[in-house]
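Student: Here's my sequence, what's the structure:
(chains A and B)
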Amino acid sequence: MLRFVVRRLLQVVPTLLLLSILVFAWLRNLPGGPAVALLGDRATPERVAQLNALYGLDDPLPVQYGKFLGRAASGDFGTSSITGEPVLAEIARALPATLELSIAALAIAVALGIPLGYLAAVNRGRSLDVSTVIGTLVGVAVPVFFLGYVLKAVFAVELGWFPPSGRQTVGLDATNVTGFAVLDGVLTREWDASLDALSHLVLPAVALATIPLAVIVRITRASVLDVLDSDFVRTANSKGLTPATVRGRHVLRNALLPVSTVIGLQVGLLLAGAVLTERVFVWGGLGTLLADAITLRDYPRLQAILLLGALIYIVVNLLVDISYAVIDPRVRL
Amino acid sequence: MATTWLERRRSRIDGLAQGRSLGAEALRRLRRNPVAITGAVIIGAFVIVAVLAPLLAPHGAAEAFPELQENLRPGRIPGPQEGFPLGSDQLGRDFLSRMILAARQTLLVGVLATLIGLVIGLVIGTLAGAFGGWVDTLLMRVTDVLLAIPSLLLAISVAALAASPSQTTVIIAVSAVAVPIFARLLRGSMLAQRESDHVVAATALGVKRRAVVLRHMLPNAVGPVIVQATLTLATAILDAAALSFLGLGDADPGRAEWGLMLAQAQAYLDVRPALALYPAIAIIVVALGFTLLGESLREALDPKGRR
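Tutor: Numbering: from 1, shown residues only, chains lettered A, B, ... in the order given. Prediction:
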């Protein structure tokens, strides 16, 4: 088991290295180079040279890459050109908001997706199945940010059930412990703060959950159909086991293995979707940082968030792989 | 059994490569499938509108009308009226004409992005699959890194490279997402065929390697590629809309493209929601059309039969 984990960890290294080269080359390839990008209209040849010397941009490229790698490894991604703050500090502050949103969305997608996919498969060809499949196809075709605005217009503005934006009601006196608003309320027993944060969470989480939900439903359905066709299920049925036993112990267990992989892959969708959803709901997480960085061309911040996004994606999927090996001994062969 | 997530993501793409060629059987199954017909009808209508757009649209995309502009106020955009069935947009232009002309630009972005992704992916995948060995290892390593980046983040990083966003940067950014997928898909198809009887026979007959690859292997790999291209058209249009929404879209104010119109309309949601609603519905319907057709194509080509 340990050897399996170590081997997987080692496989991450070349991927990350290649990725860092891409990100490094990317910044080098900015029109006019990073100095011009940083200075904008104020760029004069003297100031560009000055800045290049200051940031070591006149070193040979491999030296620059080595330095970049060293700094990145120690968590130094430079300072944001918008706020002048270290990029990592900004990210650390925004991360809990995005994690809270993504976890909520993933919870919705999994909690609804697996039962729905299962029910669709078991009722294959009937109206429940057909409508579920159509629903998943439509769900994937709706632009996430548009769905966000529709939810906001209907449930926040028209019906007033949920707040339209933000993470907490302005002026609410909530203690900040972990940065996770719902959890903070629970920890400090400020239940009203928890509820307030939860009600802010509902709409963005639903908007963000749609695409992962559609994907999970379809994979669960396909996977359950696969297992239903298999020999051991026929055997279990012909042994005279009750349908409930067959479905619970044989079908569902085996069908959920591929689903767990797909849940890992959804993290990529969640990260990308968060960028869009956060902008709609003024959420103030990583997505907001990224969107501002794009608008104002804040390259150090952009670079750090992209690298971090890919890193999270890779690590989460590594964890999924390891948990997969724990669930299914065949994987360790 | 594949063991890592990346392997599984790869093997899912590779699995698509196992489909048989687009035979009469598949076509017959397609024609009986209402889902495929719905998709085909949607796409057919979309393409016809896109091609005939300049003839169908009563006015130009950038043409502003004084009679509409003089009724523009902060918080008021003129609605449907005589001569302008869908009313005005935020700059006093004919909204109906812009919706129609946008079909053409949207199709252009989708098709060009998919084509570029397809061609580059085709070259990489063919080289990797046909030669194998270190060429394969090298190309697939790079492809895997691209697959390890969430797709919209990849598109954003490519789009943010340009000093100022334009239609070209949007197309390139969106196609960058498609390249690794097509590359893997093609490689899988080629690998599957390297061992197949007709390729072995051609090689044994002394056909040159180039001819074997181009004339015997590549044509047989086309089926799964068509499926993927159809699905990519849907995601390309959606990704382009997302880039516009993030401010990385086409900066030309005269251009009408649904994703761009949807993104620009966000500022006028309270004033005239129709400005966002119509482009959004158009995008949803077209993306759905491509998805429906793509999924039923895949189903028709799946050797395991109906799922």
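Student: tell me the domain boundaries of chain A?
Tutor: Per the record, chain A has its domains at A:2-73, A:88-332, by automatic domain parsing.
Student: secondary structure class for B:Pro253?
Tutor: coil (DSSP: H, G, I helix; E, B strand; the rest coil).
Student: so who does it touch?
Tutor: B:Ala62, B:Leu91 (Cβ atoms under 8 Å, 6 or more residues apart in numbering or on different chains). In short, each C-beta sits where N, CA and C put it, glycine included.
Student: Over to A:Ala214?
Tutor: A:Gly135, A:Thr136, A:Leu137, A:Gly139, A:Val140.
Student: elements contacting the strand or helix carrying the last one?
Tutor: Read that as A:Val140. A:Val140 belongs to helix A:127-141 when assigned by DSSP states H and E. Helices and strands touching helix A:127-141, by 3 or more Cβ pairs under 8 Å, 6 or more residues apart in numbering or on different chains; DSSP states H and E, are helix A:87-122, helix A:191-228, helix B:222-245, helix B:274-301.
Student: Apply 10 Å and report the result again.
Tutor: helix A:87-122, helix A:191-228, helix B:34-56, helix B:222-245, helix B:274-301 (3 or more Cβ pairs under 10 Å, 6 or more residues apart in numbering or on different chains; DSSP states H and E).
Student: What residues of that helix count as buried?
Tutor: Under the neighbour-count criterion of 16 or more other Cβ atoms under 10 Å in any protein chain shown, helix A:127-141 has A:Asp129, A:Thr132, A:Val133, A:Gly135, A:Thr136, A:Leu137, A:Val138, A:Gly139, A:Val140, A:Ala141 buried.
Student: now the angle from that helix to helix B:222-245?
Tutor: Interaxial angle of helix A:127-141 relative to helix B:222-245 (axes from the mean of the first three to the mean of the last three Cα atoms, to 10 degrees): 60 degrees.
Student: sorry, back to before: make a markdown table out of the domains of chain A and add mean pLDDT.
Tutor: Below are these laid out as a markdown table (pLDDT from 0 to 100):
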| stretch | mean pLDDT |
| --- | --- |
| domain A:2-73 | 71 |
| domain A:88-332 | 80 |
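Student: Mean neighbour count, the ones you listed: which tops it?
Tutor: domain A:88-332 (a mean of 19; mean count of other Cβ atoms under 10 Å in any protein chain shown).
Student: distance of A:Val262 from chain B?
Tutor: Per Cβ to the nearest Cβ, to the nearest Å, A:Val262 is found 9 Å from chain B.
Student: ok, and the closest non-adjacent residue to that residue?
Tutor: Nearest residue to A:Val262, sequence neighbours excluded (Cβ to Cβ, 6 or more residues apart in numbering or on different chains): A:Ile219, at 4.6 Å.
Student: pLDDT score for B:Gln18?
Tutor: Note on B:Gln18: pLDDT of 57.
Student: B:Leu22 now?
Tutor: B:Leu22 is given a pLDDT of 51.
Student: Not counting its neighbours along the chain, what's nearest A:Gly284?
Tutor: In space, A:Gly284 is closest to A:Ala97, 5.6 Å off (Cβ to Cβ, 6+ apart).
Student: Hmm, A:Thr277 and that neighbour touching each other?
Tutor: No. Using Cβ atoms under 10 Å, A:Ala97 makes no contact with A:Thr277, being 11.4 Å away.
Student: Give the residues shared as contacts by those two.
Tutor: A:Trp283, A:Gly285, A:Gly287 (Cβ atoms under 10 Å, 6 or more residues apart in numbering or on different chains).
Student: And these, which is closest to chain B?
Tutor: Within those, proximity to chain B (Cβ to the nearest Cβ) peaks at A:Gly287, which comes in at 9.6 Å.
Student: Tell me the spatial nearest neighbour of B:Arg255, not counting adjacent residues.
Tutor: Closest residue to B:Arg255 apart from its sequence neighbours, by Cβ to Cβ, 6+ apart: B:Gln105 at 6.2 Å.
Student: pLDDT averaged over the host helix or strand of that neighbour - what is it?
Tutor: Element membership for B:Gln105 (DSSP H and E) is helix B:95-131. Averaging pLDDT along helix B:95-131 yields 86.
Student: Verify the contact between B:Val225 and B:Val119 for me.
Tutor: No. Under the criterion of Cβ under 10 Å, B:Val225 makes no contact with B:Val119, lying 11.1 Å away.
Student: okay, and the common contacts of these two?
Tutor: What both B:Val225 and B:Val119 touch, as defined by Cβ under 10 Å, 6+ apart, is the set B:Phe182.
Student: Between these two, tell me which one has more neighbours.
Tutor: Neighbours per residue, other Cβ atoms under 10 Å in any protein chain shown: of B:Val225 and B:Val119, the larger number sits with B:Val225, 22 against 13.
Student: Okay, the more buried one and B:Arg298: tell me how far apart.
Tutor: Separation of B:Val225 from B:Arg298 (Cβ to Cβ, to the nearest Å): 12 Å.
Student: So what's the residue count around whatever residue of the stretch 201-307 of chain B ends up closest to chain A?
Tutor: Nearest to chain A, among the residues of the stretch 201-307 of chain B, is B:Ala287, at 3.8 Å (Cβ to the nearest Cβ). Applying other Cβ under 10 Å, we find 26 residues neighbouring B:Ala287.
Student: Could you do B:Arg31 as well?
Tutor: 11.
Student: Can you tell me the closest non-neighbouring residue to it?
Tutor: Per Cβ to Cβ, 6+ apart, closest to B:Arg31 is B:Ile37, 7.6 Å.
Student: what's that neighbour in contact with, if anything?
Tutor: Neighbouring residues of B:Ile37 by Cβ under 10 Å, 6+ apart: B:Leu30, B:Arg31, B:Leu292, B:Leu293, B:Ser296.
Student: dump the residue contacts of the second one.
Tutor: If you count contacts by Cβ under 10 Å, 6+ apart, B:Arg31 has them with B:Ile37, B:Ala40, B:Ala300.
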